[in-house]
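Peer 1: A predicted structure for the sequence below; I have some questions about it.
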Amino acid sequence: MIGEAEKAAVIAALGSPTLTHGPRVRQFETDFAAFTGAERAVATSSCMASLHMAYLALGIEPGSEVIVAAQTHIATAHAAELCGATCVFVDCDKDGAIDVAQVESAICSRTRAIAIVHYAGFPVDIAALKRVAERHGVPIVEDCALALGTRFNGAHVGLHGDIGCFSFYPVKHITTGEGGMVISRRADLLDRVSRLRAFGIDRNIVSERALPGEYDAIELGLNYRMSEIAAAIGIEQLRRAPEFLERRRENFTLLREGLAGGDDLWPLHESQPVADVGVYCLVAMLSARLTRVRPQLMRALSGHGVGASVYYPRPVPAMSYYRHKYAYDLSRFPRAGLISSASIALPIGPHLDAADIRYMIETIPDAIQEALSA
Ligand SMILES: Cc1ncc(COP(=O)(O)O)c(C=O)c1O
């Protein structure tokens with residue numbers, strides 16, 4: 001979904017005097033803040049970078065425990081591990097949202113953050129989670145990589161907890177090639193993230209320096225900045241976000257209706273309203289017999305031109321790094337395990353229209369038959 005406007009914006013950025021941390025990055029931040037209703041936003045090089053800095057800004061360090069959703073992308077956990085923290089994984093409910101009761105049981109004196117993901121764009125019940133977090137004085141990190149456009153009780157996700165992180169990787173709701181964003185209601189956290197993303201120096205914009213080359217490193221930092229070229233794409237993509245999100249909702253609704261009540265394949269999030277959801281994909285659960293032939297099903301779908309995926313291939317504690325480090329009893333994550341092993345994710349992106357979705361609905365039974373008889 002890269003159009004002429006994005007291409008022209010990149011050419012203009014390449015012809016400008018500033019290729020990084022310049023006016024386009026600042027405009028993209030302002031536009032993103034307006035889009036989400038945040039007071040301020042800080043652009044970064046990826047969601048993983050955003051998460052890493054979010055944890056650092058919250059003071060996560062060796063000895064800290066971070067409660068992490070088992071049903072998420074590895075980035076949510078990796079970023080905490082990079083701070084030297086111990087990840088404490090918690091299972092999800094049947095729709096992939098973190099189990100709030102289990103979060104409360106996992107909190108202890110070493111807990112320094114709770115990291116959640118809005119799975120497939122559907123919001124966690126943040127009101128319930130906040131009650132738990134506030135009772136114990138633990139901050140919440142919202143991984144919003146799959147949830148641009150999702151509102152909970154009228155406010156955009158990322159603004160309910162202490163800090164929210166977004167991704168602009170190519171398959172996300174909008175893209176900058178690679179890129180990310182951080183939003184928060186807490187100015188102290190955003191100030192810290194702004195410094196961390198540029199080596200921990202006291203002034204990170206060239207024009208803010210009294211003299212070129214004059215700056216001081218007041219803390220240990222990173223280089224997690226967004227380039228002007230990426231921001232130029234982001235500004236144009238964000239203009240199109242309302243149209244993209246509407247198409248996603250329409251496609252999701254049509255596909256969900258078309259797959260409802262299937263014996264071998266049926267939609268997760270089967271009845272949730274989507275008016276306030278930046279739906280990312282349609283996660284379809286598979287019967288036991290179809291689960292056994294999931295690779296064949298994905299190949300059959302691909303043969304019909306339908307690009308299915310899996311979100312995510314394993315619960316995070318079942319990924320080798322975490323298995324070796326923590327040796328969790330994986331039976332503690334039955335719902336994340338079921339979604340990982342017995343579902344596929346079907347596309348609903350804005351590159352698809354109603355005719356494409358109808359084609360998918362007609363084609364899926366054929367692909368199922370092919371997979372079962374392969
Ligand atoms: C929930 C979640 N968090 C983080 C990421 C990582 O995003 P990025 O590639 O921008 O670092 C992803 C990528 O798919 C994701 O799904």
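Peer 2: That came through, no problem.
Peer 1: Tell me which residues touch residue 159, please.
Peer 2: Residue 159 is in contact with 36-38, 183-185, counting by C-beta atoms under 8 Å, 6 or more residues apart in numbering. Where C-beta positions appear, they are placed from N, C-alpha and C, glycine not excepted.
Peer 1: how about those, which pair is most distant?
Peer 2: Pairwise distances across these peak at 12.3 Å for 37 and 184 (criterion: C-beta to C-beta).
Peer 1: which of the two has more neighbours?
Peer 2: Comparing residue 37 with residue 184 by other C-beta atoms under 10 Å, the one with more neighbours is residue 184, at 27 against 13.
Peer 1: what's the pLDDT at the more buried one?
Peer 2: Predicted confidence (pLDDT) for residue 184: 98.
Peer 1: what do you get for residue 374?
Peer 2: 86.
Peer 1: do the same with residue 207
Peer 2: Residue 207 carries a pLDDT value of 55.
Peer 1: helices or strands next to the longest helix belonging to the chain in the packing?
Peer 2: Ordering each helix of the chain by length in residues (DSSP state H) puts helix 228-259 first. Applying 3 or more C-beta pairs under 8 Å, 6 or more residues apart in numbering; DSSP states H and E, one finds that helix 228-259 contacts helix 4-14, helix 23-36, strand 265-267, strand 282-286, helix 354-373.
Peer 1: again, only using 6 Å
Peer 2: helix 4-14, helix 23-36, helix 354-373 (3 or more C-beta pairs under 6 Å, 6 or more residues apart in numbering; DSSP states H and E).
Peer 1: in it, what's buried?
Peer 2: 228-238, 240-241, 244-245, 247-256, 258-259 (16 or more other C-beta atoms under 10 Å).
Peer 1: The residue nearest the centre of the chain: helix or strand, and which one exactly?
Peer 2: A centroid search over the chain (C-alpha atoms, centre = their mean) returns residue 145, at 1.5 Å, as the residue closest to the centre. For residue 145, there is no host helix or strand (DSSP states H and E).
Peer 1: what about the closest residue to residue 139 other than its chain neighbours, neighbour count?
Peer 2: Leaving aside its sequence neighbours, residue 139 sits nearest to residue 162 (C-beta to C-beta, 6 or more residues apart in numbering; 3.9 Å). By the criterion of other C-beta under 10 Å, residue 162 has 20 neighbours.
Peer 1: do the one 4 residues further on as well
Peer 2: As a burial measure, the neighbour count of residue 166 was computed by other C-beta under 10 Å and equals 29.
Peer 1: isn't it right up against residue 181?
Peer 2: Yes: with contact defined as C-beta atoms under 6 Å, residue 166 reaches residue 181; the gap is 4.3 Å.
Peer 1: Next one: the nearest residue to residue 22 once chain neighbours are set aside from residue 24, what distance?
Peer 2: Distances taken as C-beta to C-beta, 6+ apart put residue 228 closest to residue 22, at 4.9 Å, once the chain neighbours are dropped. Taken as C-beta to C-beta, to the nearest Å, the spacing of residue 228 relative to residue 24 amounts to 5 Å.
Peer 1: Spit out the residues that contact those two alike.
Peer 2: Shared contacts of residue 228 and residue 24 (C-beta atoms under 6 Å, 6 or more residues apart in numbering): residue 13.
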